[in-house]
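S.K.: sequence-free structure coming up:
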Ligand code: C2E
Ligand code: MG
Ligand code: MG
């Protein structure tokens with residue numbers, strides 16, 4: 001740190017010494033000058049006195065002296081007179097010596113007689129005086145010969161004073177030596193006092209300033225300490241803040257990179273199906289849009305293949321979503337093996353896939369790809385312990401021809417897929433314009449279906465179920481029919497899926513249930529006692545929390561005996577419904593029988609089946625159809641029969657049309673038969689007429 005007091009003490013000491021060094025000599029010089037001036041004026045006054053009192057002898061001596069030698073001057077009477085007068089005048093004064101020079105510089109008078117006759121023509125003081133000026137010289141002499149005797153160590157001021165004649169001209173020069181020793185001594189003493197005084201003043205000033213400066217320095221040092229402490233604190237704070245900023249920066253960078261990752265994940269998700277990793281609908285649409293522009297420019301063709309899995313819903317419903325998801329992943333990887341690198345495979349959602357085939361030269365190329373896709377499902381899929389057999393239906397639309405936009409091409413491929421499905425499993429179909437009409441028809445049907453219930457357009461028909469061995473009527477299945485004024489009679493296979501998709505099935509199903517119970521009771525009270533009646537239930541009905549309540553209400557309303565009612569549920573319905581067991585137990589507790597419809601087409605696990613409070617299995621019509629023609633179907637029926645026996649289920653065979661089928665089933669121990677062999681589903685009146693036992 002800058003040492004203020006040291007700096008100050010050094011500088012002010014130098015300044016004080018300088019001031020003292022300058023002021024002391026100056027004072028001495030001025031005092032000396034003053035003293036000299038005073039002594040000179042006294043010498044001048046003295047000279048005037050001499051001149052006045054010695055006027056005449058002096059004048060004559062000056063006049064006569066020119067050209068005279070020293071010895072003759074000594075003898076001059078004027079000189080003696082002058083000498084006497086001078087001694088008289090000098091008495092009591094400080095004048096110690098008087099000399100008179102003539103114009104030629106010769107000493108014509110001196111109180112020291114030895115000097116008379118000496119020449120001082122070349123003395124500068126004399127020359128100045130002869131020219132009219134008074135000149136004084138101060139000198140220190142070890143000994144001075146005065147007329148009183150010798151003086152030792154004396155300060156003498158010798159003044160050269162012009163002697164003016166009558167005409168004011170200079171006729172000679174007085175040299176008056178005055179003893180100024182007392183003045184000089186006084187001056188020296190004064191000088192000492194002044195020096196001591198000044199030194200004391202300076203010293204006390206110096207001391208005072210030194211103290212002030214030292215105090216200031218103390219304050220400054222104190223302030224500096226505080227500033228340093230504040231700076232240290234500030235530095236610490238700045239350091240901490242910098243660290244914090246660094247951390248914040250790091251955090252920010254992490255956050256930015258996380259956001260980038262999230263963004264790229266979002267981008268990926270925006271264009272990909274998270275489950276299979278295939279392109280998603282959005283990605284497919286954008287690619288198809290671009291491809292359409294390019295294809296139109298190049299005058300080429302492209303194909304859109306809509307792929308739908310035939311039994312995926314059953315797998316998903318019966319084995320759960322986990323297995324369903326794994327299956328979709330396997331399906332997508334198997335499909336990917338068959339599409340060309342330039343083609344694009346995407347998953348639209350659920351079990352729907354779509355493929356874009358570009359640069360199509362001939363339709364046969366598309367047929368080959370469709371065939372390969374279908375063939376890809378020939379081998380079963382292994383998911384965990386399950387071996388699953390699936391098939392796919394493919395609908396194809398072509399550009400140009402089957403539409404000019406993404407929407408048209410996708411919709412038309414979808415319609416073609418529906419047609420392929422209706423032809424049976426594992427088929428492909430090209431789009432034809434009438435399919436659009438069918439799609440429109442589906443929409444129209446849905447609209448008509450909405451009003452059909454209010455308009456009373458539904459009927460319940462009944463199909464008999466007979467005892468295999470005796471051929472006696474053991475029950476009837478209620479099958480709904482739609483007598484549409486616009487469409488004519490519509491079969492359930494056409495409208496039930498639409499009713500299920502639109503949710504209309506709940507109202508319709510409840511109506512069928514009520515109507516069947518009402519009919520049953522009507523017959524019973526009128527003497528036609530049907531042993532049992534079956535009603536089909538949709539999963540949509542079971543899902544409703546108020547289902548049991550509605551059922552109880554219908555039973556109460558119609559007075560139906562619950563033990564005479566059987567409810568048919570498909571395997572997949574039971575599996576799809578989360579808490580099926582509890583619900584079915586409630587139904588059983590009410591006394592209602594339960595049958596598993598279309599048995600064999602689903603994927604029920606044996607263990608689950610064992611737990612279900614079900615009394616009856618209904619062998620699906622498709623297996624009965626294969627009796628005598630397909631050994632696989634027969635094997636399935638045998639297995640179902642064995643299963644039913646071991647789990648103590650009653651078995652009903654659906655779609656029995658021939659006596660061969662009946663006897664095959666009878667041999668295996670199937671208890672009941674239902675099918676055209678014993679009667680189609682007919683209106684209640686016809687049913688009663690057919691099955692009434694004649695009185
Ligand atoms: P499902 O419950 O399996 O009914 C048996 C179907 O097989 C009926 O078709 C019946 O007419 C038909 N069928 C019976 N015997 C033969 C035969 O020997 N040969 C042939 N080829 N077919 C035979 P339907 O009436 O067309 O009903 C079809 C399906 O619609 C039913 O299959 C059932 O799943 C559903 N369904 C019908 N009515 C209702 C209903 O009221 N509610 C619900 N949820 N579904 C219903
Ligand atoms: Mg049924
Ligand atoms: Mg059935």
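M.R.: Everything's here; your move. If you're wondering where the values come from, they're calculated on a predicted model, not measured in any experiment. Ligands and ions are numbered 1, 2, ... in the order given.
S.K.: drop to CA atoms for contacts and neighbour counts, all remaining ones
M.R.: Fine.
S.K.: Residues of this structure that sit close to ligand 3?
M.R.: By the rule C-alpha under 5 Å from the ion, the part of the chain lying against ligand 3 is 597, 598.
S.K.: repeat that for 6 Å
M.R.: Remark: the part of the chain in contact with ligand 3 comprises 597, 598, 620, using C-alpha under 6 Å from the ion.
S.K.: Which helix or strand contains the second one?
M.R.: Residue 598 belongs to strand 593-599 when elements are defined using DSSP states H and E.
S.K.: in its sheet, what does that strand sit against?
M.R.: strand 565-570 (parallel), strand 616-619 (parallel) (DSSP bridges).
S.K.: Including mean pLDDT, distance to ligand 1 and mean neighbour count, could the ones you listed go into CSV?
M.R.: CSV is the format used below for the strands paired with strand 593-599 (pLDDT from 0 to 100; distance: least, C-alpha to the nearest ligand atom, whole Å; neighbours: other C-alpha atoms under 10 Å):
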stretch, mean pLDDT, distance to ligand 1, mean neighbour count
strand 565-570, 93, 7, 23
strand 616-619, 94, 8, 24
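S.K.: Quick one: residues in contact with the longest strand along the chain.
M.R.: If you go by DSSP state E, the chain has its longest strand at strand 149-164. Strand 149-164 is contacted from outside by 36, 39-40, 43-44, 47, 51, 125-126, 129-145, 170-181, 184, using C-alpha atoms under 8 Å, 6 or more residues apart in numbering.
S.K.: Next step: the residues you listed restricted to strands.
M.R.: Secondary structure from DSSP E places 135-145, 170-179 of these in strands.
S.K.: Can you say which of the residues you listed are buried?
M.R.: If you count burial by 16 or more other C-alpha atoms under 10 Å, the buried members of these come out as 135-136, 138, 144, 170-179.
S.K.: Relative to residue 233, which of the residues you listed is nearest.
M.R.: Nearest to residue 233 among those: residue 138, at 74.3 Å, using C-alpha to C-alpha.
S.K.: so what's the residue in the stretch 501-650 of the chain positioned nearest to ligand 3 closest to, chain neighbours aside?
M.R.: Closest residue of the stretch 501-650 of the chain to ligand 3, C-alpha to the ion: residue 598 (4.2 Å). Spatially, and ignoring its direct neighbours in sequence, residue 598 is nearest to residue 620 (4.1 Å; C-alpha to C-alpha, 6 or more residues apart in numbering).
S.K.: And the closest residue to residue 518 other than its chain neighbours, how far from residue 533?
M.R.: Excluding the flanking residues, the one nearest residue 518 by C-alpha to C-alpha, 6+ apart is residue 558, at 5.6 Å. Distance, residue 558 to residue 533, using C-alpha to C-alpha, to the nearest Å: 14 Å.
S.K.: the more surrounded of these two?
M.R.: Each of residue 558 and residue 533 has its neighbours counted (other C-alpha atoms under 10 Å); residue 533 has more, 23 against 18.
S.K.: Contact partners for that one?
M.R.: Taking C-alpha under 8 Å, 6+ apart, one finds 475, 476, 477, 478, 516, 520, 564, 565, 566 in contact with residue 533.
S.K.: what residues are up against residue 400?
M.R.: Shown in contact with residue 400 (C-alpha under 8 Å, 6+ apart): 301, 302.
S.K.: one more time with 10 Å
M.R.: 292, 295, 296, 299, 300, 301, 302, 303, 409 (C-alpha atoms under 10 Å, 6 or more residues apart in numbering).
S.K.: Show the buried residues in those.
M.R.: Applying 16+ other C-alpha under 10 Å to the contacts of residue 400 flags 292, 295, 301, 302, 303, 409 as buried.
S.K.: how close does the spatially closest residue to the second one that is not a sequence neighbour sit to residue 294?
M.R.: In this structure, residue 295 finds its nearest non-sequential neighbour in residue 301, 6.3 Å apart by C-alpha to C-alpha, 6+ apart. Using C-alpha to C-alpha, one obtains 10 Å as the distance from residue 301 to residue 294.
S.K.: what residues do those two have in common as contacts?
M.R.: Common neighbours of residue 301 and residue 294 (C-alpha under 10 Å, 6+ apart) are residue 358.
S.K.: Stretch 236-245: how far from the chain's middle?
M.R.: Relative to the centre of its chain, stretch 236-245 is centred 20 Å away, using C-alpha atoms, centre = their mean, to the nearest Å.
S.K.: Now that stretch: average pLDDT?
M.R.: For stretch 236-245, mean pLDDT is 84.
S.K.: Name the residues that touch that stretch?
M.R.: Contact with stretch 236-245 is made by 230-235, 246-252, as judged by C-alpha under 10 Å, 6+ apart.
S.K.: need the contact list for residue 56.
M.R.: 62, 78, 82.
S.K.: Now stretch 32-46: buried residues?
M.R.: 32, 35, 36, 39, 40, 42, 43, 44, 46.
S.K.: for stretch 364-373, that is, sorry about that
M.R.: For stretch 364-373, using 16+ other C-alpha under 10 Å, the buried residues are 366, 369, 370, 373.
S.K.: and of the contacts of residue 533, the nearest to ligand 1?
M.R.: residue 478 (6.5 Å; C-alpha to the nearest ligand atom).
S.K.: and that closest one, how many residues sit next to it?
M.R.: For residue 478, the count of nearby residues is 25 (other C-alpha under 10 Å).
S.K.: and the gap between the nearest residue to it once chain neighbours are set aside and ligand 1?
M.R.: Excluding the flanking residues, the one nearest residue 478 by C-alpha to C-alpha, 6+ apart is residue 462, at 4.7 Å. Distance, residue 462 to ligand 1, by C-alpha to the nearest ligand atom, to the nearest Å: 9 Å.
S.K.: pretty sure residue 551 is touching residue 512, no?
M.R.: No - checked against C-alpha atoms under 10 Å, the pair residue 551 and residue 512 is beyond contact range at 11.6 Å.
S.K.: Looking at the two, which is more packed in?
M.R.: Legend: neighbour count by other C-alpha under 10 Å for residue 551 and residue 512, higher for residue 512 (23 against 16).
S.K.: The helix or strand harbouring the more buried one close to ligand 1?
M.R.: Using DSSP H and E, residue 512 sits within helix 505-525. Yes - Helix 505-525 reaches ligand 1 (C-alpha under 6 Å from any ligand atom) through 509, 512.
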